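Novice: Generate a structure from the sequence data that follows.
(chains A, B, C and D)
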Number of protein chains: 2
Amino acid sequence: MSDLLERLRGRGWRMTAQRRVVAEVLDGEHVHLTADEVHARAVAKLPEISRATVYNTLGELVSLGEVLEVTTDKRAKRYDPNAHRPHHHLVCAHCGAIRDVHPTGNPLADLPSSERFGFTVSDVEVTYRGLCPDCAAA
Amino acid sequence: MSDLLERLRGRGWRMTAQRRVVAEVLDGEHVHLTADEVHARAVAKLPEISRATVYNTLGELVSLGEVLEVTTDKRAKRYDPNAHRPHHHLVCAHCGAIRDVHPTGNPLADLPSSERFGFTVSDVEVTYRGLCPDCAAA
DNA sequence: GACTTGACTTAGACATTGTCCAATGTAGGA
DNA sequence: TCCTACATTGGACAATGTCTAAGTCAAGTC
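Specialist: Numbering: from 1, shown residues only, chains lettered A, B, ... in the order given. Now for the predicted structure:
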C-alpha cells in the first residue's frame, strides 16, 4: 500500500500532494487505467491537479520501474501498477477488456541469438487477443 | 505482387486508383510503415489522394487479413504487409528500429485454459524490446 | 457507348492523446 | 524562517486518427 510511497521517498522523490494522489490512484486499483482515467480519478481527490503533472508523474513512475506501460490498442497507453509480478495480457478484440495472464514458458528463451540481429534484448511483452465470454456470446 | 490486387478484386473490391496505389505501396515495401508514411508514398504516386482514403483503405486491408496492424510504440500504428507469414517483432527501445523475428515455440500453447478466463483466444502478438547494436554502442 | 446506382473519395473540421514552456508555487534542507 | 532547486500549472501546440457532407466514379445493364 504505502509501500509504494515509502519506496518513492527512499529514492529521493520530493513528496507533493499531486504525486501522492497519483501514486494512490494506481496503488488502489488493480485495473489498467489510461492516463486520462488516472487524471480523472486524481482530480476527484485533488481538483486542481493538472494534466501535465499526471503525465509527468506517470512517466517518472515508469522510469522508476514502479509501473508498467502497456500498449494493448491503438488508443491510449495504459498504466499497470502490478510491475513487480511479471505478467502478460489478454485483450478482448471487441470490447477491449484486459486480463492479466501468466503463461508458462519463457518467450525470451524462445528467441535464438540468430534471430536477435545484434540487439541487446531485455524485455518481452506478450499480448493475447480474442473474444471475452460476453462478446463471444453476442 | 499483383497477387494482392487479384485477391482483392476476387473479394469484390471495387478497384479504384487510390486503392491500387495503397496496395502497391504496401506490396512493394518490406518495412513497417505508419499510416502517414503510407500516405506520403501514395501521394508520390497519386498526388490528389486524401488522408481519409488511406486510413479507410488500410483499415479494410487489415479486416481482410491482408495486412497486419502492429502497435510497437505509443505513437502511430504500423502496417505490416507480411501478413501471410506469422512472425513477431523486435523493437529498439531507443531509436524505434523494428525487425521481424521468428521465435521458436508457440506462445498460444503456453497459455493454459485456466488462464484464459473463458476467452476465445485467437491470436498472440509478441514484442521483444531492447537496444539495437547502434544504440547499444552509443 | 450511355445510363444508373451505390460505393468510393475528398477536404477539412473535429476528437483524442500526448508534449512543451514560461510563470508560479512549494518541499525540504540550511 | 528563508532559500533554492525542483515541481506544478494552464494553455498552446503537435501528432494521429475519425467523421461527415458533397461530389465522383467503377462496374453492371441496356
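
Novice: all contacts plus neighbour counts: C-alpha atoms, from now on.
Specialist: Fine.

Novice: Tell me how far residue A:89 lies from DNA strand D.
Specialist: 21 Å (Cα to the nearest atom of the strand, to the nearest Å).

Novice: That residue: neighbouring residues, count only.
Specialist: 20 (other Cα atoms under 10 Å in any protein chain shown).

Novice: check contacts around the closest residue to residue A:66 other than its chain neighbours.
Specialist: With sequence-adjacent residues excluded and distances taken as Cα to Cα, 6 or more residues apart in numbering or on different chains, residue A:66 is closest to residue A:83, at 5.8 Å. Going by Cα atoms under 8 Å, 6 or more residues apart in numbering or on different chains, residue A:83 touches A:65-68.

Novice: So which of those residues belong to strands?
Specialist: Judged by DSSP state E, the contacts of residue A:83 include residue A:68 as members of strands.

Novice: filter the contacts of residue A:83 to the buried ones?
Specialist: For the contacts of residue A:83, a neighbour count by 16 or more other Cα atoms under 10 Å in any protein chain shown gives the buried set as A:66-68.

Novice: Output the longest strand belonging to chain A.
Specialist: When chain A is scanned for its longest strand (criterion: DSSP E), the result is strand A:120-131.

Novice: Sheet-wise, list the partners of that one with their directions.
Specialist: Note on strand A:120-131: by DSSP bridges, its sheet partners are strand A:88-92 (parallel), strand B:120-131 (antiparallel).

Novice: Show me the contact partners of the longest one.
Specialist: Defining contact as Cα under 8 Å, 6+ apart, one finds that strand B:120-131 is touched by A:108, A:119-133, A:136, B:72, B:88-94, B:107-108.

Novice: Which of those residues are buried, as a PyMOL select command?
Specialist: Of these, the buried ones can be selected in PyMOL as follows, counting by 16+ other Cα under 10 Å:
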select buried, (chain A and resi 119+120+121+124+125+126+127+128+129+130+131+132) or (chain B and resi 72+88+89+90+91+92+93+107)
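
Novice: Enumerate the residues of chain A near DNA strand C.
Specialist: Contact residues, chain A versus DNA strand C (Cα under 7 Å from any atom of the strand): A:13-17, A:34-36, A:51-52, A:55, A:75-78.

Novice: The same query, at a cut-off of 6 Å, please.
Specialist: Residues of chain A lying close to DNA strand C by Cα under 6 Å from any atom of the strand are A:14-16, A:35, A:52, A:55, A:75-77.

Novice: among the residues you listed, which are in reach of DNA strand D?
Specialist: Among the residues of chain A next to DNA strand C, the residues lying close to DNA strand D (Cα under 6 Å from any atom of the strand) are A:14, A:16, A:52.

Novice: how many neighbours does the last one have?
Specialist: Neighbour count of residue A:52, defined by other Cα under 10 Å: 10.

Novice: what helix or strand does it sit in?
Specialist: Assigned by DSSP states H and E, residue A:52 belongs to helix A:51-63.

Novice: Provide the contact partners of that helix at residue level.
Specialist: A:18-19, A:22, A:35, A:38-39, A:67-69, A:79.

Novice: Any idea which of the strands paired with strand A:120-131 gets closest to residue A:115?
Specialist: strand B:120-131 (11.1 Å; Cα to Cα).

Novice: average pLDDT across that closest one?
Specialist: In this model, strand B:120-131 carries a mean pLDDT of 89.

Novice: Spit out the contact partners of the residue nearest to residue A:77 when sequence neighbours are not counted.
Specialist: Nearest non-adjacent residue to residue A:77, counting by Cα to Cα, 6+ apart: residue A:71, 5.0 Å away. By Cα under 8 Å, 6+ apart, residue A:71 lies in contact with A:77-78, B:71-74.

Novice: Also residue A:104?
Specialist: B:110-112 are the contacts of residue A:104 under Cα under 8 Å, 6+ apart.
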